[in-house]
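Student: Sequence and predicted structure, then a few things I'm wondering about:
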Amino acid sequence: MSNLLLVLLWLSPDKISREVVGKVASMGTAYTADAVNQVVKALYETYTHVDTVVVFGPDLNGAGELIVEALKGMCNDALRIPCEYVKNLNAVVVDLRWRGEAELRAALEAFYKPREAPARPRREVPMAMPSRRLPYPAPHVIYDADLEALRAKAVDYILTYGLETEDVLYNVLVLQRGPGGAYTAEPCDLAEGWPCGLDKADVLLATPAYVKKSDLEKISVNPSIFLRTAYDPHGNFVLADRLYHYDRRGVLLRALELTEANLRREAQKLLPDHAFYLGKEYAAKRLLKEKYVQDSWEGNT
């Protein structure tokens, strides 16, 4: 049995020659660093005889670097499995990122040593469900006319993208509850200080909005709030022969050519749920053609 496993970065397996395929026990494509968890799991549970992993292809997003590090025994951010599994992997890692197929062939020729004996004992590999934040330092706008829904959306954002100190999770947020011009600016404790002046203002520049770690167990976010329709102060769009833009009173503001470029341009100016709605409706219109009826197509397809 072949002792080689080939991990392709951003390459389709059909781009690899039959000669190469014939020398490896298995081959797959990795587009994300998370793929290393499946690779290690396969090495312990299925390919215990594999003692060499070749990583080949263009590392377009840096995922390959994390994959190579982990396979060499480093416990890094990509891992969702216990570190002991990579530290005891007992496999040679051949790093051929950004190399050509000639170098791949040469490496396979040099490391190809079929074996039956296991390189590691067979073990089931537990994998944790992902639950991490991606800290994002720039301001973000959140809108909802309902104060409690607005708070819940702010908390949910911080739990996903919040920065961290010893005591709190926080972000700088622009919290908007109405289209008026009255605004206030102050730090906002979302658990104990809410509504932080938004009972009298339309917009709060929360510098920052934060949740104390000691309050995290007291706060929950009901997913149903994201099913509510929150009116977008940017107006409404109608998809017909053109993309028609109306204000909230029905005054027609613009009539744009109905193209993907225009949809993308307008969507980037809208609140997230409205942008998602616009993209969904445009996709439905393209698929259903003359059968499409805005806001009504889902029950008729």
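Tutor: Looks like it arrived, so ask away.
Student: And the nearest residue to Arg248 once chain neighbours are set aside, how far from Thr259?
Tutor: Spatial nearest neighbour of Arg248, excluding adjacent residues (C-beta to C-beta, 6 or more residues apart in numbering): Gly235 at 6.5 Å. Where C-beta positions appear, they are placed from N, C-alpha and C, glycine not excepted. As for Gly235, its distance to Thr259 is 19 Å (criterion: C-beta to C-beta, to the nearest Å).
Student: the more surrounded of the two?
Tutor: Gly235 (18 against 12; other C-beta atoms under 10 Å).
Student: quick one: that one and His245 touch, right?
Tutor: Yes. Contact criterion C-beta atoms under 8 Å: Gly235 and His245 qualify, at 5.8 Å.
Student: can you list residues touching both of those two?
Tutor: Leu253 (C-beta atoms under 8 Å, 6 or more residues apart in numbering).
Student: how about the helices of the stretch 101-250 of the chain, start to end?
Tutor: Counting by DSSP state H, counting those that start in this stretch, the segments of the stretch 101-250 of the chain that form helices are 101-111, 147-161.
Student: Please produce TSV containing those, extended by mean neighbour count and distance to Tyr85.
Tutor: Shown next, in TSV, are the helices of the stretch 101-250 of the chain (neighbours: other C-beta atoms under 10 Å; distance: least, C-beta to C-beta, whole Å):
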stretch	mean neighbour count	distance to Tyr85
helix 101-111	14	22
helix 147-161	19	28
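Student: Out of those helices, flag the one nearest Lys291.
Tutor: helix 147-161 (34.2 Å; C-beta to C-beta).
Student: what angle sits between the longest helix along the chain and helix 147-161?
Tutor: Using DSSP state H to define each element, the chain has its longest helix at helix 272-288. The directions of helix 272-288 and helix 147-161 differ by 80 degrees, with axes from the mean of the first three to the mean of the last three C-alpha atoms, to 10 degrees as the criterion.
Student: what helices or strands is helix 272-288 leaning on?
Tutor: strand 236-239, helix 260-267 (3 or more C-beta pairs under 8 Å, 6 or more residues apart in numbering; DSSP states H and E).
Student: possible to save those as a markdown table with mean neighbour count, mean pLDDT and distance to Val55?
Tutor: Shown next, in a markdown table, are the helices and strands packed on helix 272-288 (neighbours: other C-beta atoms under 10 Å; pLDDT from 0 to 100; distance: least, C-beta to C-beta, whole Å):
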| stretch | mean neighbour count | mean pLDDT | distance to Val55 |
| --- | --- | --- | --- |
| strand 236-239 | 17 | 92 | 45 |
| helix 260-267 | 14 | 94 | 35 |
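Student: So for Asn3, which of the ones you listed sits nearest?
Tutor: helix 260-267 (48.1 Å).
Student: what's in contact with the closest one?
Tutor: Contacts of helix 260-267 (C-beta under 8 Å, 6+ apart): 237, 243, 245, 256, 274-275, 278-279, 282.
Student: what's the answer for stretch 18-26, then?
Tutor: 1-6, 13, 27, 42, 46-47, 49-50, 54, 101, 104-105, 108, 112.
Student: Enumerate the positions of it that are buried.
Tutor: 20, 23-26 (16 or more other C-beta atoms under 10 Å).
Student: Distance across it, terminal residue to terminal residue?
Tutor: Start-to-end span of stretch 18-26 (C-alpha to C-alpha, to the nearest Å) is 13 Å.
Student: Stretch 121-140 now?
Tutor: Start-to-end, stretch 121-140 (C-alpha to C-alpha) is 49 Å.
Student: Check stretch 137-145 too.
Tutor: End residues of stretch 137-145 are separated by 25 Å (C-alpha to C-alpha).
Student: One more: stretch 110-123?
Tutor: Start-to-end, stretch 110-123 (C-alpha to C-alpha) is 29 Å.
Student: Break the protein down into its structural domains.
Tutor: Domains of the chain are assigned by automatic domain parsing as 4-111, 140-227, 236-300.
Student: Take these and lay them out in a markdown table including distance to Arg122.
Tutor: Output for those, formatted as a markdown table (distance: least, C-beta to C-beta, whole Å):
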| stretch | distance to Arg122 |
| --- | --- |
| domain 4-111 | 5 |
| domain 140-227 | 37 |
| domain 236-300 | 45 |
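Student: Pull out the buried residues from stretch 239-249.
Tutor: Going by neighbour count (16+ other C-beta under 10 Å), the buried part of stretch 239-249 is 239, 243-245.
Student: Inside strands: which ones of those residues?
Tutor: Applying DSSP state E to those, the entries found in strands are 239, 243-245.
Student: any idea how far the nearest residue to Met129 once chain neighbours are set aside lies from Ile225?
Tutor: Closest residue to Met129 apart from its sequence neighbours, by C-beta to C-beta, 6+ apart: Arg80 at 7.8 Å. Distance of Arg80 to Ile225, computed by C-beta to C-beta: 29 Å.
Student: That'll do, ta.
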